[in-house]
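> Give me a model of this one.
(2 chains)
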Amino acid sequence: MTRLSTFDKALLNLLQGDIPICSHPFAEMARRLGTDEATVLARLRELKAAGFLRRIGTFFDSNRLGYHGTLIALKVEPSELCAVAEAVNKYPGATHNYEREGVYNLWFTLLTPSPEYEKNILAEIRSLRGVEDMIKLKANKKYKINVQFKLQ
Amino acid sequence: MEILSERDKEIIKALQEDFPLCEEPYKILAARVGISEEEFLQRVRKFVEEKKIRKMGAVLRHREVGFNANALCAWQVAPDKLDQTAQIMSNHAAVSHCYDRTPVPNWNYNLYTMIHAKTRDECEKFIGELSSLTGVTNYKILYTKKEWKKTGMKYFCE
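Numbering: from 1, shown residues only, chains lettered A, B, ... in the order given. This is a model prediction of the structure:
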């Protein structure tokens, strides 16, 4: 595994916050880090290739784009878990899908543009073989969404 | 909610793809939409101002950077304490997400936090801290066993 240098950590900490919205954003980041644009870009490409970056880009507020999110928990018969997880993954609105310990063993978030859309998808999932129970937990207030890991 | 124009949707679709790691990334994205870089940048700034964009940046793979114990923790909070409790939990550095959700009869938990730690011991220590800070003692720790999917949303592709 690639070892992160002090420079890498400073770069990743900056990258997790805000990419500048200007013509040369990486030159601006380089200025803040005391280096040049080419160095920043070359290292970012390497870190991306080495698998440190899950995603680099834009994170939207789904509610403000007209989408709403629900957390769904399924109780799935263990022998069918893999098939059900893969079926859930096929829906573009299922953005996070995790197997968890507990009676409800598959948890996923579903973003949809309308309640009807959500209802149809959930009916399809509920009818999959091995799905024994389903609970729907509608999101109300989002107090924190901040996937940032400060590297030291 | 105001209706997004077709052009705005095209801009959002360009932005939700991987951000180009090159000198002028916005120029490339603007070209995909067929508008000038200047207009594209103006729209992006407007989306940030309207809080349609939460952030421009990266998300790390947390396991690769050393976070191996990750849990969804579901809390049962008295409704009149919900707001205050959620604020306290959100202030904890180990909490990445904190949402309140409408509970259902057979699953009566109304507050959800994602907790990230290096080990299970550390994760449980953090959860203990949250419990004593808020006085909430009824909770369930749902450790992640396997990640089946984690992606960014692709909007306007239905």
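> Can you tell me what sits against the longest strand along chain A?
Counting by DSSP state E, the longest strand found in chain A is strand A:131-145. The contact list for strand A:131-145, computed with Cβ atoms under 8 Å, 6 or more residues apart in numbering or on different chains, reads A:63, A:68-77, A:80, A:84, A:104, A:122, A:125-126, B:54, B:83, B:86-87, B:89-90, B:95-104, B:106-107, B:112. Using the backbone N, CA and C atoms, a C-beta is placed for each residue, glycine as well.
> Please enumerate the strands of the chain.
Picking chain A for this. Under DSSP E, chain A gives strands at A:53-60, A:68-76, A:94-100, A:106-112, A:131-145.
> Please refer instead to chain B.
Under DSSP E, chain B gives strands at B:53-60, B:69-75, B:95-101, B:111-117, B:139-150.
> And chain A, what are its domain boundaries?
According to automatic domain parsing, chain A comprises the domains A:6-49, A:62-138.
> how about CSV for these, with mean neighbour count and distance to B:Arg120 added?
Below are the domains of chain A laid out as CSV (neighbours: other Cβ atoms under 10 Å in any protein chain shown; distance: least, Cβ to Cβ, whole Å):
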stretch, mean neighbour count, distance to B:Arg120
domain A:6-49, 16, 25
domain A:62-138, 17, 11
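> Which residues are in contact with A:Tyr104?
Neighbours of A:Tyr104 in contact, by Cβ under 8 Å, 6+ apart: A:73-75, A:133, A:135, B:107, B:142.
> Could you check how far A:Glu28 is from B:Ile35?
22 Å (Cβ to Cβ, to the nearest Å).
> Now tabulate the domains of chain A in a markdown table and tack on mean pLDDT.
A markdown table is the format used below for the domains of chain A (pLDDT from 0 to 100):
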| stretch | mean pLDDT |
| --- | --- |
| domain A:6-49 | 94 |
| domain A:62-138 | 96 |
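> Could you dump those into TSV and include distance to B:Ile11?
Formatted as TSV, these follow (distance: least, Cβ to Cβ, whole Å):
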stretch	distance to B:Ile11
domain A:6-49	13
domain A:62-138	12
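> one step back: including distance to A:Ala49, could the contacts of A:Tyr104 go into JSON lines?
Listed next are the contacts of A:Tyr104 as JSON lines, based on distance: Cβ to Cβ, whole Å:
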{"residue": "A:Ala73", "distance to A:Ala49": "36"}
{"residue": "A:Leu74", "distance to A:Ala49": "35"}
{"residue": "A:Lys75", "distance to A:Ala49": "39"}
{"residue": "A:Asp133", "distance to A:Ala49": "42"}
{"residue": "A:Ile135", "distance to A:Ala49": "40"}
{"residue": "B:Trp107", "distance to A:Ala49": "42"}
{"residue": "B:Leu142", "distance to A:Ala49": "33"}
